[in-house]
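# my questions are about this predicted structure, shown below with the sequence.
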Amino acid sequence: MDKPKRPYRRVSSENKEIVRILDLLAHYVAIGIIEGMPLAYEPIELFDRESVYVAENIKRLRKENNMTAFELAKKIHMTQSSITKYETHRVMPNDSILTNLASIFRVDVSELVKEA
């Protein structure tokens, strides 16, 4: 079975307004149905904005520090493909990796998770 594609891998500054609008139009998922009637609706976010910001910030900071993905991967004892997954927001780095990245880039962890 093919893996579903994400609507955005990276959100450019031009598309940020579109993302904000789509967030306002959040999906609603029916939770439990009895005789065709939904029992409840639960709002869900269309985009995980934090993972998009983290991806953009990792890539920006890596480039500002004149590092390749391979060089950054060596510094945190990972593979280059792991860095690529973080930078394209296919995978969200865990807290310890965020801490390591912040240390390498000499920034606070909050710099990695805020909007660029």
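Yep, that arrived.

# mind jotting down where the strands sit in the chain?
27-34, 37-44 (DSSP state E).

# where among those strands is average confidence lowest?
Of all those, mean pLDDT reaches its minimum on strand 27-34 (a mean of 55).

# run through the neighbouring helices and strands of the top helix by length along the chain.
As assigned by DSSP state H, the longest helix anywhere in the chain is helix 49-64. Using 3 or more Cβ pairs under 8 Å, 6 or more residues apart in numbering; DSSP states H and E, the elements in contact with helix 49-64 are helix 16-24, helix 80-87, helix 95-105, helix 109-113. Any C-beta I mention is one placed from the backbone N, CA and C, and that applies to glycine too.

# now it: mean pLDDT?
89.

# next, the angle helix 95-105 makes with that helix.
Helix 49-64 and helix 95-105 are oriented at 30 degrees to each other (axes from the mean of the first three to the mean of the last three Cα atoms, to 10 degrees).

# contacting residues around stretch 94-109?
The contact list for stretch 94-109 (Cβ atoms under 8 Å, 6 or more residues apart in numbering) reads 54, 58, 61-62, 65, 72, 75-76, 78, 86, 93, 111-113.

# buried ones in that stretch?
97, 98, 100, 101, 102, 105 (16 or more other Cβ atoms under 10 Å).
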